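Peer 1: Could you look at this predicted model? Sequence included:
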Amino acid sequence: MTVDQFPDRTICVDGETYLYFGGTSYLGMATNAEFQNLLFESIKIWGTSYGSSRNSNIQLKIYQEAEDLFSKNCEAEAALTVSSGTLAGRLVLDYLAKTHQHFYHYPKTHPAILEHSSKPLFVDGALHPRLTDEVKESVVITADALLSLAVQPTDFDFLDDISSSKTITLLIDESHSLGIVGKDGTGVFKTINHPSISQKIMISSLTKAYGCSGGVIVGNKNLIDSIRNVVVFISAAGMNPIFLQTFVKGQEVIQNQLKKLRENLTFVYGDERLPQQFYYAHDYPVIYCHSNVIFDYLKSKGIIITNFKYPNYDALMNRIVITANHTQQDLEQLKSALAAF
């Protein structure tokens with residue numbers, strides 16, 4: 001389906017208008033008028049783009065201001081913004097690969113944090129045997145904080161069973177949780193405090209919930225200072241400063257949209273249960289369905305959802321996404337359609 005404008009709560013396909021319950025604009029920031037006005041004001045300050053190296057002799061104040069806000073929100077020592085979440089992941093992986101030989105990935109981990117030699121965390125339903133032996137070594141474990149086809153944060157209890165001989169670095173991707181999960185939408189990272197972890201690192205896209213094109217790395221000061229000095233970071237342009245200015249100035253708007261989203265979730269889920277074909281959680285804005293006819297069924301009811309083949313998954317993915325911008329009338333139409341499926 002090709003469209004000629006951003007799909008917000010409605011989408012026009014082949015001349016027909018449908019309700020749109022898809023995408024990743026969970027907070028509806030991309031079309032929020034207040035947020036857009038902040039973006040327009042940011043353009044007046046920083047121009048439409050800034051292509052210089054972050055290590056240039058001219059430093060834009062907004063980078064440090066925004067990164068300080070990210071580290072504060074995530075309760076970390078430091079943060080670093082880059083032009084995308086995928087670049088954030090690759091920078092961290094390349095850095096860790098210099099000092100770590102053993103990488104393990106949680107099932108269905110996003111390619112952004114999947115190191116090429118990484119081994120599966122689980123083998124035949126149990127931890128990889130190398131994680132339970134007594135060989136002293138440093139290992140990196142990568143996982144999505146909330147998997148693309150999940151509705152609840154990843155359970156990290158498996159860390160209890162890893163041998164104490166391992167020095168663990170945990171790298172998580174918060175692209176589908178930052179902004180919408182946890183207190184004030186600040187994500188999962190700061191809630192992970194397992195004693196076995198020697199270092200924890202978070203990367204995330206900022207384009208989804210926050211509607212700001214870019215990515216972020218969060219971790220300890222040594223990590224961030226080191227990545228600031230790698231060749232790829234130095235030679236690349238930074239995240240567009242207009243989005244960082246908008247993010248910093250738009251905190252109240254973001255929180256207002258989060259409040260609206262959570263009100264919408266309460267309205268949809270309430271005390272009712274959706275039919276058993278649907279997989280969901282009361283505090284997360286995505287409903288999944290594995291039926292191969294759900295897309296066509298909902299389209300017949302005037303609703304378009306996300307439907308495509310996602311990396312690391314065998315079947316087509318059906319995502320029904322509730323955003324802060326949906327009205328109660330929109331949600332009633334969705335609830336009626338789901339109840340009748």
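Peer 2: That came in fine, so what should we check first?

Peer 1: drop to CA atoms for contacts and neighbour counts, all remaining ones
Peer 2: Fine.

Peer 1: Provide a list of residues in contact with Lys208.
Peer 2: When contacts are counted by CA atoms under 8 Å, 6 or more residues apart in numbering, Lys208 touches Thr24, Ser25, Tyr26, Ser175, His176.

Peer 1: Let me know how buried the fourth one is, in neighbour terms.
Peer 2: A count of neighbours around Ser175, defined by other CA atoms under 10 Å, yields 27.

Peer 1: Now that we're looking at it, what pLDDT does it have?
Peer 2: You'll see Ser175 listed with a pLDDT of 97.

Peer 1: Does it touch Leu206 like I think?
Peer 2: Yes - Ser175 lies in contact with Leu206 (CA atoms under 8 Å); the separation is 7.1 Å.

Peer 1: Check the contact lists of these two and give me the overlap.
Peer 2: Gly85.

Peer 1: tell me the contacts of the closest residue in space to Ser198 that isn't next to it in sequence?
Peer 2: Spatial nearest neighbour of Ser198, chain neighbours left out: Ile168 (5.5 Å); criterion: CA to CA, 6 or more residues apart in numbering. Applying CA under 8 Å, 6+ apart, we find Ile168 in contact with Ser138, Val139, Val140, Ile141, Ser196, Ile197, Ser198, Gln199.

Peer 1: could you pull out the helices for the stretch 1-150 of the chain?
Peer 2: 33-46, 61-73, 85-97 (DSSP state H, counting those that start in this stretch).

Peer 1: try the stretch 151-300 of the chain
Peer 2: In the stretch 151-300 of the chain, the helices defined using DSSP H, counting those that start in this stretch lie at 221-228, 231-235, 241-249, 251-269, 294-300.

Peer 1: how far does stretch 149-157 sit from the chain's center?
Peer 2: 13 Å (CA atoms, centre = their mean, to the nearest Å).

Peer 1: Tell me the one of the contacts of Ile168 nearest Leu223?
Peer 2: Using CA to CA, Gln199 comes nearest to Leu223 of the contacts of Ile168, at 9.6 Å.

Peer 1: give me the beta-bridge partners of that closest one?
Peer 2: Beta bridges link Gln199 to Thr169, judged by DSSP bridges.

Peer 1: That one is in contact with Ile172, isn't it?
Peer 2: No - in this structure Gln199 lies outside contact range of Ile172 using CA under 8 Å: 11.3 Å.

Peer 1: For these two, work out which one has more neighbours and name it.
Peer 2: For Gln199 versus Ile172, neighbours defined as other CA under 10 Å are more numerous around Ile172 (26 against 14).

Peer 1: And the more buried one, how far from His282?
Peer 2: Taking CA to CA, to the nearest Å as the measure, Ile172 falls 23 Å from His282.

Peer 1: Report the contact partners of Gly250.
Peer 2: Applying CA under 8 Å, 6+ apart to Gly250 gives the contacts Phe35, Leu38.

Peer 1: What of the one 5 residues further on?
Peer 2: Gln255 makes contact with Asp184, according to CA under 8 Å, 6+ apart.

Peer 1: ok, now how distant is it from Lys249?
Peer 2: On the measure of CA to CA, Gln255 and Lys249 end up 12 Å apart.

Peer 1: Model confidence at Asp157, what's the number?
Peer 2: pLDDT for Asp157: 95.

Peer 1: likewise Asn312?
Peer 2: 66.

Peer 1: Return the backbone torsion pair for the spatially most central residue of the chain.
Peer 2: Geometric centre of the chain, nearest residue: Ser175, 1.0 Å, by CA atoms, centre = their mean. Dihedral pair for Ser175: phi -60, psi -30, per degrees, to the nearest 10.
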